[in-house]
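[1] have a look at this prediction, sequence included:
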Amino acid sequence: MTPEEQIAEIRSLLSTLTSAVTAHDNQIGQLITIAERQESRLNRHIEATNVSIRALADEIQNLTREWQAYLRRLPPQ
């Protein structure tokens, strides 16, 4: 193989490698975008869950107070 043919083959290999690296970079970029979207959705879900938990805790506290008030009204046994 002549030096010119070897250089042409190396250039062809480098072109193929460059294309593969570019495709790989694009895939990584897409995966990062997907991960960021999922993280955003998860954060919104966590916040909504925390709001629900706080509301439930408030309801439990109110119910406990109501029961205590009710029990205080009962005559001693």
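    Structure received.
[2] what about the protein, any weak spots by pLDDT?
    For the chain, applying pLDDT under 70 flags no range at all.
[3] separation between the spatially most central residue of it and Ile46?
    Compute the mean C-alpha point of the chain, and by CA atoms, centre = their mean the closest residue is Glu39, 2.2 Å away. Relative to Ile46, Glu39 is positioned 10 Å away (CB to CB, to the nearest Å). All C-beta atoms are positioned from the backbone trio N, CA, C, and that covers glycine.
[4] and Leu31, by the same measure?
    Distance check for Leu31 against Ile46: by CB to CB, it reads 22 Å.
[5] hmm, back to that, quick one, phi/psi of the residue nearest to the centre of the chain?
    phi -60, psi -40 (degrees, to the nearest 10).
[6] equivalent analysis for Pro76, please.
    Note on Pro76: its backbone torsions stand at phi -60, psi 150 [degrees, to the nearest 10].
[7] and it, how many residues sit next to it?
    Per other CB atoms under 10 Å, the neighbour tally for Pro76 reads 3.
[8] likewise for Thr33?
    Thr33 has 10 neighbours, counted by other CB under 10 Å.
[9] any idea how far it lies from Glu47?
    Remark: distance between Thr33 and Glu47 (CB to CB) = 22 Å.
[10] for Pro75, helix, strand, or coil?
    On the three-state scheme (DSSP: H, G, I helix; E, B strand; the rest coil), Pro75 is labelled coil.
[11] what is the neighbour count of it?
    Neighbour count for Pro75, taken as other CB under 10 Å: 4.
[12] show me the contacts for it.
    The contact partners of Pro75, by CB atoms under 8 Å, 6 or more residues apart in numbering, come to none.
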